[in-house]
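> okay, structure incoming, though there's no sequence with it:
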């Protein structure tokens, strides 16, 4: 299948995709249960470093190690002990970064000791907002534990134990690659692809562009702009799938797949993963998926909070189907709108610039408040389109 013409728009689709960094074995001390917050659509947790903090870190299953923003070591009085070459999957040694040794990194009651971390200009990608994360915790750094990311319930659980044998439905045998990244068996039509589990990706499903000719696509791929990773930049394409996508017992239909260069078959990201509690058993190469439902509960006119109710397997969390540039602080640029999504039906378009949410100027809202608003229904957004201000109301119902 041929590839469409290139677009000029630049997008940041996964600045954390498969970041390769130095990892030392995590020295397990106890167990923990801590809240998950959100920066845009990226899950984050609070981390205490050498007794200081807490500091907000992105929790990324697609990153290998622990990464600081370059400004954090000086706040912690850390001195560089060396350098390391790190990057993204397409250019894994594209950046030379300083290395630091952290005596203790605490997540709740869990203590990781004598950790070597690298430092990058993360705020260059994330935006220098007051609530911007200052680091990344690669979930493989926690591999001594049974790790559960309960994304609907906003909890990270670290515990002892192991998963039962695979049942092909909710509990799956998975591959773990040389960088300790989980690779899930995703079936599309008659073929099975092994894709990275990546909570740092804002794309539902992205596959290697070299597989375009074998994929059951419903239309020709078209350009979706430029994708900028940590140490590489490339064109991104997208096309609707003509076949269902299956992972264990879970099935998705009418998905739009993104196509990009990637050393593996691809990645599965937050628009799909956000519906699940994900448990990873690194010792036995197993993964468990359990779907939950999120119900917005307004409280006193404040930003809605989320109440989680476990449901049967037919339950699927509704989404508006809109993607944004995660670096934006004063505006939110719409990078794409899914076909026949609530956002599309309400009239939202690619390149619209969102300036207000429920009457509040965007610059007055934190990333967490913005994300909470987009998980509630309805939502009223003010947009700038072709120099004109427009109000649009979207609903998940």
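Received it, and whenever you're ready, just let me know what you need. Everything quoted here is computed from the prediction, not taken from an experiment.

> please work out how many residues are found near residue 59.
Using other C-beta atoms under 10 Å, the number of residues around residue 59 comes to 26. Using the backbone N, CA and C atoms, a C-beta is placed for each residue, glycine as well.

> so who does it touch?
Contacts for residue 59 (C-beta atoms under 8 Å, 6 or more residues apart in numbering) come out as 36, 43, 44, 45, 137, 139, 149, 156, 199.

> please narrow these to those residing in strands.
43, 44, 45, 137, 149, 156 (DSSP state E).

> turn the residues you listed into JSON lines, columns for distance to residue 78 and pLDDT.
Output for the ones in strands among the contacts of residue 59, formatted as JSON lines (distance: C-beta to C-beta, whole Å; pLDDT from 0 to 100):
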{"residue": "43", "distance to residue 78": "25", "pLDDT": "91"}
{"residue": "44", "distance to residue 78": "21", "pLDDT": "93"}
{"residue": "45", "distance to residue 78": "20", "pLDDT": "95"}
{"residue": "137", "distance to residue 78": "17", "pLDDT": "93"}
{"residue": "149", "distance to residue 78": "28", "pLDDT": "94"}
{"residue": "156", "distance to residue 78": "25", "pLDDT": "95"}
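
> please produce JSON lines containing those residues, extended by distance to residue 239 and neighbour count.
As requested, the ones in strands among the contacts of residue 59 are exported to JSON lines (distance: C-beta to C-beta, whole Å; neighbours: other C-beta atoms under 10 Å):
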{"residue": "43", "distance to residue 239": "28", "neighbour count": "23"}
{"residue": "44", "distance to residue 239": "32", "neighbour count": "26"}
{"residue": "45", "distance to residue 239": "35", "neighbour count": "22"}
{"residue": "137", "distance to residue 239": "33", "neighbour count": "24"}
{"residue": "149", "distance to residue 239": "29", "neighbour count": "24"}
{"residue": "156", "distance to residue 239": "35", "neighbour count": "25"}
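
> and residue 190, how far from residue 285?
Distance of residue 190 to residue 285, computed by C-beta to C-beta, to the nearest Å: 25 Å.

> buried ones in stretch 192-210?
By neighbour count with 16 or more other C-beta atoms under 10 Å, stretch 192-210 contains the buried residues 193, 195-209.

> and those residues, which two are furthest apart?
199 and 209 (22.4 Å; C-beta to C-beta).

> count the residues that sit near residue 255.
Neighbour count of residue 255, defined by other C-beta under 10 Å: 16.
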